[in-house]
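Asker: take a look and give me a structure for this.
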Amino acid sequence: MSSHALTVVSKSSRAARVTRALLAIAQYAWLIAVCLIVLIPIAWMVVASLTKGKLLAGVPLLPKFADFSLEHYTYLFTYKSQSGAALPDFVAAFLRSLSVAVLNTFSVVLLTTMTGYVFSRFRFKGKKPILISFLLLQMFPSFMGIIALFMIFRTFGWLNNPLYLVFVYAAGAIPYNTYLIRGYMRSIPMAVDEAATIDGASKTAVFFKIILPLSTPIIGFLAVNAFMAPWMDYMLPFQLLNMQNQTVAIFLYRLTDPLITMYYNPLNFMAGALVLATPITLVQFYMQRYIVYGMAAGADKG
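Answerer: Here you go, the predicted structure:
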């Protein structure tokens, strides 16, 4: 090979290395920029929640030791609007939301897995129209039925009871989640069911002892979504619950409403939002492998 050819090859390889290095730098710069965009508001919320006073305008981006205070967290865990209340307002609202979220998680997982199992394993009249109706229900926003829900709750005496919200949340989760888990269960070979049936297992035993364990990834994904759905929902609790039975989302809203003077404090809101985000963060962190695997499985097998 001539010296000229070697020079050309050397220059081209050098240019390729420079191009790869520039692309790597650009990728890292982009990732750093995205991280800053996401993390700076959260960091500012942390600083605001640990700053004295009640005005957002005076909150610095960087914390000042002289302004450090836990008064906003103290307020959340001690303030009672009624002297005879058993728990502070925020704690009571937090526990109500947690109860609804946990109950909704179990309800959605049980109902949607059973429904998905039926539609993936059995043939019956009306199966296709029901699936189509499930699909059509996704076209309409949930708030369209808020007036009808209010009338139903009033008729049955369910108003101002947070636990009855689970009926609405669970029913609303059935259509989409049925499609998702039906697609996953259809990927499980029927030979598994047949082998268990030959061994004397009933359909119920097949479902609980075989199909459910094999569907753990998609069930984990459903459970996370079901837990998150009511956690920060504002519309339904606002319409169906009074102030004494408010969920934590309504409580946080009242912290930002200047007309409600006994609650109003935006910095208390920052502290409450961080406390409220903690369970979701822990659930997402613990269940992340189920979330990723479940989403991929639902997309591939749905």
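
Asker: what's the separation between Ser13 and Thr19?
Answerer: Per C-beta to C-beta, to the nearest Å, Ser13 is found 11 Å from Thr19. The C-beta positions use only the backbone N, C-alpha and C, and glycine is treated the same way.

Asker: Cys35 now?
Answerer: Per C-beta to C-beta, Cys35 is found 25 Å from Thr19.

Asker: show me what contacts Tyr253?
Answerer: Residues near Tyr253 by C-beta atoms under 8 Å, 6 or more residues apart in numbering: 234, 238.

Asker: go with 7 Å
Answerer: By C-beta atoms under 7 Å, 6 or more residues apart in numbering, the contact set of Tyr253 is Tyr234.

Asker: give the buried residues for the strand or helix carrying Leu282.
Answerer: Following DSSP states H and E, one finds Leu282 within helix 266-301. Neighbour counts using 16 or more other C-beta atoms under 10 Å place 266-276, 279, 283, 287, 290-291, 294, 297-298 of helix 266-301 among the buried residues.

Asker: over to stretch 245-254?
Answerer: Residues of stretch 245-254 classed as buried: 245-254 (neighbour count, 16+ other C-beta under 10 Å).

Asker: quick one: mean pLDDT for it?
Answerer: Average pLDDT, stretch 245-254: 87.

Asker: so what's the gap between it and the chain middle?
Answerer: 18 Å (C-alpha atoms, centre = their mean, to the nearest Å).

Asker: what of stretch 244-259?
Answerer: How far stretch 244-259 lies from its chain's middle: 20 Å, per C-alpha atoms, centre = their mean.

Asker: kindly export it (C-alpha atoms) in PDB.
Answerer: Extracted in PDB, the C-alpha atoms of stretch 244-259 (Å, rounded to 0.1, in the frame of the first residue of the first chain):
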ATOM      1  CA  GLN A 244     -64.400  16.400  56.300                       C
ATOM      2  CA  ASN A 245     -63.800  13.300  54.100                       C
ATOM      3  CA  GLN A 246     -61.400  14.900  51.700                       C
ATOM      4  CA  THR A 247     -58.600  13.000  50.000                       C
ATOM      5  CA  VAL A 248     -55.000  14.200  50.000                       C
ATOM      6  CA  ALA A 249     -55.400  15.700  46.500                       C
ATOM      7  CA  ILE A 250     -58.200  18.000  47.700                       C
ATOM      8  CA  PHE A 251     -56.300  18.900  50.800                       C
ATOM      9  CA  LEU A 252     -53.300  19.900  48.800                       C
ATOM     10  CA  TYR A 253     -55.500  22.000  46.500                       C
ATOM     11  CA  ARG A 254     -56.900  23.900  49.500                       C
ATOM     12  CA  LEU A 255     -53.300  24.800  50.500                       C
ATOM     13  CA  THR A 256     -53.000  26.800  47.300                       C
ATOM     14  CA  ASP A 257     -56.500  28.500  47.500                       C
ATOM     15  CA  PRO A 258     -56.200  32.000  49.100                       C
ATOM     16  CA  LEU A 259     -60.000  31.900  49.800                       C
END
